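K.L.:
Predicted coordinates and the sequence they were generated for:
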Amino acid sequence: MTDIKSLTLSELQEEMERLGEKRFRAGQIYSWLHEKLADDFQEMTNLSGALRERLEQEYELIRLPLVKVQTSAQDGTSKFLFRLGDGSVIESVLMRYHHGNSVCISSQAGCRMGCRFCASTLDGLKRGLAPSEMLDQIYQIQKWSKERVHNVVVMGTGEPLDNYDALLKFLKLLTGEGGLHISQRNVTVSTCGIVPRIRQLAEEKLQITLALSLHASSQEKRETLMPVAKKYTLSQVLDACRYYFEQTGRRITFEYSLVSGVNDREEDAAELAALLKPLNCHVNLIPVNPIKERDYVQPDRRKVINFKNSLEKSGINVTIRREMGRDIDGACGQLRRSYMDTEKKR
Ligand code: SAH
């Protein structure tokens, strides 16, 4: 059955023609799905009973059931586990900031990129998510919280550029008119650096922010943390980032997870500053979230601040990522993983 929530308005119009319905029905259905966030065809009360029946027979309406929510007592951050149609589970996060609510979504069930410090990749990739499955994480969270979602970051489990076509469609449905219509400037896509896809995305000329997971200032060190760096070298990645900026005018965000004794030395900061100085960018420092399968540890606070100061001295824009929801398996992929572990034991 066709996944109706993954269809664009013009695809939906073609579907209505195929069913012998009036074209304007497509707009009504689109609004029920993407604006009013209907979970059931029966909610679509401006359609005839007969058409609702027909839709039920012909289309699948993806709605992600919520398996579990955990809310941080420290900062109100909530983590959600959703179940997909095939039984896999994915996680999403709602972060409450002064400037509005931000949702972090998964783009794949699992991941095949193999970054050493990341829990999401330990069991490999199950599959990429459909546009509807990415959207519905946001829709269900907005309905659950009864508050509008302002920002979306594609930084949960998975490599979004490894699920490129679905990602692009998702971005169009999310930011286009007639749906939640979130401004492209309020959407961030984070990648480990799939060079050809960064270039392809640049040519779409969207106004979304690209976040690049850098984590090291030299090719050798990046390879030890991120296997993908062997395929796409640091210099190729930085060239692609420059290209993204040229094509879109959007400043790149570089993510740098600080790991004690690995990439947090004064020399690392100096090397990083030299590398990024020529670029129009922003650096986001993230003290690594320790996962039990690896022995990576966070630098102490003073070291993190020194690292920041040292980049700032070279005129680089830096923020230290506030760690939210540490008390609720906040680190990437940990909630999903601990859930899958207990399921396996059962
Ligand atoms: N695959 C994409 C998006 C998902 S990961 C990417 O690689 O960018 C989102 C960010 O969290 C990435 O920068 C990733 O490197 C980082 N990350 C993953 N596990 C982490 C951990 N344990 N501690 C700190 N950052 C982590």
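P.N.:
On my side now, so go ahead. From a predicted model like this one, the values you see are computed outputs, not experimental measurements.
K.L.:
can you list the residues of the stretch 1-150 of the chain near the ligand?
P.N.:
Met113, Cys115, Phe117, Cys118 (C-beta under 6 Å from any ligand atom). Every residue, glycine included, has its C-beta placed from N, CA and C.
K.L.:
Just the ones of these in strands?
P.N.:
Of these, none are assigned to strands by DSSP state E.
K.L.:
from those, which two are the most distant?
P.N.:
Met113 and Phe117 (11.7 Å; C-beta to C-beta).
K.L.:
Give the buried residues for the strand ranked longest in the chain.
P.N.:
Counting by DSSP E, the longest strand found in the chain is strand 89-97. Buried positions in strand 89-97, judged by neighbour count with 16 or more other C-beta atoms under 10 Å: Val89, Ile90, Glu91, Ser92, Val93, Leu94, Met95.
K.L.:
Just put those residues in a markdown table and tack on pLDDT and distance to Ala109.
P.N.:
Below are the buried residues of strand 89-97 laid out as a markdown table (pLDDT from 0 to 100; distance: C-beta to C-beta, whole Å):
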| residue | pLDDT | distance to Ala109 |
| --- | --- | --- |
| Val89 | 97 | 8 |
| Ile90 | 97 | 6 |
| Glu91 | 96 | 10 |
| Ser92 | 97 | 12 |
| Val93 | 96 | 16 |
| Leu94 | 97 | 20 |
| Met95 | 95 | 22 |
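K.L.:
Widest-spaced pair of the residues you listed?
P.N.:
Of all pairs in these, the most separated under C-beta to C-beta is Val89 and Met95 at 20.2 Å.
K.L.:
ok, and the helix or strand in this structure with the lowest average confidence?
P.N.:
Ranking every helix and strand in the chain by mean pLDDT, DSSP states H and E puts helix 334-345 at the bottom, with a mean of 78.
K.L.:
Compute the first-to-last residue distance for stretch 144-152.
P.N.:
16 Å (C-alpha to C-alpha, to the nearest Å).
K.L.:
same question for it, mean pLDDT?
P.N.:
For stretch 144-152, mean pLDDT rounds to 97.
K.L.:
Ramachandran angles for Leu47?
P.N.:
The phi and psi torsions at Leu47 (degrees, to the nearest 10) take the values phi -100, psi 150.
K.L.:
Just confirm Arg197 is within a helix.
P.N.:
Yes - assessed by DSSP: H, G, I helix; E, B strand; the rest coil, Arg197 belongs to a helix.
K.L.:
Look up the closest residue to it, ignoring the ones flanking it.
P.N.:
Leu161 (3.8 Å; C-beta to C-beta, 6 or more residues apart in numbering).
K.L.:
Could you list the low-confidence segments of the stretch 201-346 of the chain?
P.N.:
329-332 (pLDDT under 70).
K.L.:
Could you pull out the helices in it for me?
P.N.:
Listed in chain order, the helices of the stretch 201-346 of the chain (DSSP state H, counting those that start in this stretch) span 219-225, 228-231, 234-248, 266-276, 301-313, 334-345.
K.L.:
which strands and helices sit next to the third one?
P.N.:
Packing partners of helix 234-248 (3 or more C-beta pairs under 8 Å, 6 or more residues apart in numbering; DSSP states H and E): helix 195-204, strand 209-213, helix 219-225, strand 252-258.
K.L.:
Name whatever forms a beta bridge with Glu60.
P.N.:
Listed beta-bridge partners, Glu60: Asp3 (assigned using DSSP bridges).
K.L.:
Now find how far off-centre stretch 55-73 is within its chain.
P.N.:
Computed by C-alpha atoms, centre = their mean, to the nearest Å, the chain-centroid distance of stretch 55-73 equals 18 Å.
K.L.:
Tabulate the helices of the stretch 201-346 of the chain in a markdown table, adding columns for distance to the ligand and mean neighbour count.
P.N.:
Output for these, formatted as a markdown table (distance: least, C-beta to the nearest ligand atom, whole Å; neighbours: other C-beta atoms under 10 Å):
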| stretch | distance to the ligand | mean neighbour count |
| --- | --- | --- |
| helix 219-225 | 9 | 16 |
| helix 228-231 | 8 | 17 |
| helix 234-248 | 12 | 18 |
| helix 266-276 | 15 | 17 |
| helix 301-313 | 12 | 15 |
| helix 334-345 | 8 | 15 |
